[in-house]
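Peer 1: For reference, the sequence and a predicted model appear below.
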Amino acid sequence: MIYINLLPWREQRRAERRKQFFALVGIAALVGAGLVLAAHAYVNLLIDHQDTRNEMLQTEIRALDRQIARIRELDEQRQAVIDRIEVIQTLQASRPEAVHLFDQMVVTLPEGTYFQELRQEDERIQLVGRAESNARISALMRRFEDSSWLEDPALQIIETRQEGPLQVRDFRLEAEQTRPTAPETENGEADEGAS
């Protein structure tokens, strides 16, 4: 025998499916909201972690900046010390030069000539003096050229004037002070006694 179900089973099934659909949509919305909250919390955790790292890096950068400033200050102090040492070494090396210069002044000065003034600016020497004749001034210049400590004599002025029964020549002369190279010993080192 055939049974015919006259109940509205399609509507019941439709209602059940609708309930299931809304239940699934609700569950999906809850799961989606949970995932969004979890992702938001995770991103906030990552941001907080990165902020902590950035703060640590900023602290280290400030410490390194202080160290760099200190290093620059030490470099400036080191350079100042090196400059002082160079000045001291230059002065120490040039100490005997004044002795040699005055020795050369005595050796090169011909008879009948004398100096009234001697000035030195760096390597340039300016001499003011008197001579009995022009020949004596020429002899002085030749001796300067022959000297190993003086070179390039240049006569600036000669003035002849009468001083009692004598004629004298006032002159101004310039020359360069040089440093002769020291002769080398058998070992190839400069001879210390030459300077």
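Peer 2: The structure has been received and is ready for your questions.
Peer 1: Grab the nearest non-local neighbour of Ile125.
Peer 2: Ala175 (5.1 Å; CB to CB, 6 or more residues apart in numbering). Heads up, the C-betas are built off the backbone N, CA and C, glycines and all.
Peer 1: quick one: that neighbour from Ala98, how far?
Peer 2: Here the criterion is CB to CB, to the nearest Å. By it, Ala175 lies 15 Å from Ala98.
Peer 1: So between those two, which is more surrounded?
Peer 2: Between Ala175 and Ala98, counting by other CB atoms under 10 Å, Ala175 is the more crowded of the two (23 against 11).
Peer 1: Is the residue nearest to Ile125 located within a strand, as I assumed?
Peer 2: Yes - assigned with DSSP: H, G, I helix; E, B strand; the rest coil, Ala175 falls within a strand.
Peer 1: what's the longest helix belonging to the chain packed up against?
Peer 2: Ordering each helix of the chain by length in residues (DSSP state H) puts helix 9-108 first. Helix 9-108 sits against strand 113-121, helix 134-146, with contacts defined as 3 or more CB pairs under 8 Å, 6 or more residues apart in numbering; DSSP states H and E.
Peer 1: hey, C-alpha coordinates of the longest one in CSV?
Peer 2: Same thing as helix 134-146. Output in CSV follows, covering the C-alpha atoms of helix 134-146 (Å, rounded to 0.1, in the frame of the first residue of the first chain):
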residue,chain,number,x,y,z
ASN,A,134,132.2,97.7,-2.9
ALA,A,135,134.9,95.0,-3.3
ARG,A,136,134.4,94.0,0.3
ILE,A,137,130.6,93.6,-0.2
SER,A,138,131.3,91.5,-3.3
ALA,A,139,133.7,89.3,-1.3
LEU,A,140,131.0,88.9,1.3
MET,A,141,128.5,87.8,-1.3
ARG,A,142,131.0,85.3,-2.9
ARG,A,143,131.6,83.9,0.6
PHE,A,144,127.9,83.5,1.1
GLU,A,145,127.6,81.6,-2.2
ASP,A,146,130.5,79.3,-1.2
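Peer 1: Now do it and strand 113-121, the angle between them.
Peer 2: Here helix 134-146 runs at an angle of 40 degrees relative to strand 113-121 (axes from the mean of the first three to the mean of the last three CA atoms, to 10 degrees).
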